[in-house]
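Q: Build me a model:
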Amino acid sequence: MNFIFSKMSQQQVENIASNWHYEDEYSFYDVDADEEDLIEFLDPKQREDIYYIVREEDEEIGFFSFDCKAGAVDIGLGMKPELTGRGLGLEFFKAGLKFAISQFTPNEITLSVAIFNDRAIKVYKKAGFEPGEIFMQDTNGSRFEFLKMKYDCVSK
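A: The predicted structure follows:
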């Protein structure tokens, strides 16, 4: 696949917030599942300029966020709901890693993933991420366990 990364437009943000809804326990990742997250995502000033839409030709495949801090990039991501669970995650994720490394030249890349999301954790491990600390985070009206994962760009 040939993935194309570009800054996310307000129209794309609004489309994702309104129309991207995941099934079953993955609905946890719906942008509108947490009111604070939704407000931040929709507001260009709060969202900052860290979100990129990912396309293959004219089709939107997903998005990444790249939050750069002191030699590290913390990433967030979402794949279009109808594309999840079809074996496309590793290739999509590796494209995001490659983009982050080429654009931001970090020493390390980090991410946080909900503990229940075994599917994503397997993808991240296959891409070379190492599991780290488990922590609690308030989101979606409750408190959930998350796993912090890290990718060492220097040794790869």
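Q: Could you list the buried residues of the lowest-mean-pLDDT helix or strand in the chain?
A: The helix or strand of the chain with the poorest confidence is helix 44-47; it has a mean of 90 (mean pLDDT, DSSP states H and E). Neighbour counts over helix 44-47 (16 or more other C-beta atoms under 10 Å) mark residue 47 as buried. In this view, the C-beta of every residue, glycine as well, is placed from N, C-alpha and C.
Q: cool, and stretch 89-103?
A: 89, 92, 93, 95, 96, 97, 99, 100.
Q: Ok, stretch 103-113 next?
A: 104, 106, 109, 110, 111, 113.
Q: Would you confirm that the second one contacts residue 152?
A: This points to residue 106. No. Using C-beta atoms under 8 Å, residue 106 is not in contact with residue 152; the gap is 10.0 Å.
Q: Now do the same for residue 123: helix, strand or coil?
A: Look at residue 123: counting by DSSP: H, G, I helix; E, B strand; the rest coil, its state is helix.
Q: The residue nearest to it when sequence neighbours are not counted and residue 62, how far apart?
A: Of all residues not flanking residue 123 in the chain, residue 89 sits nearest, at 4.5 Å (C-beta to C-beta, 6 or more residues apart in numbering). Going from residue 89 to residue 62 by C-beta to C-beta, to the nearest Å gives 9 Å.
Q: Need the overlap of contacts for the two.
A: residue 79 (C-beta atoms under 8 Å, 6 or more residues apart in numbering).
Q: Low-confidence regions, this structure specifically.
A: 156 (pLDDT under 70).
Q: Next, name the residue at the spatial heart of it.
A: Central residue of the chain (C-alpha atoms, centre = their mean): residue 77, 1.3 Å from the mean position.
Q: before we move on, which element is that one in?
A: strand 72-79 (DSSP states H and E).
Q: for this protein, what spans make up the helices?
A: For the chain, applying DSSP state H gives helices covering 10-19, 35-42, 44-47, 89-104, 118-126.
Q: How far does stretch 102-112 stretch from one end to the other?
A: Using C-alpha to C-alpha, to the nearest Å, one end of stretch 102-112 lies 21 Å from the other.
Q: Off-centre distance for it?
A: Centre-to-centre, stretch 102-112 and its host chain are 13 Å apart (C-alpha atoms, centre = their mean, to the nearest Å).
Q: partners of residue 139 in the sheet?
A: residue 142 (DSSP bridges).
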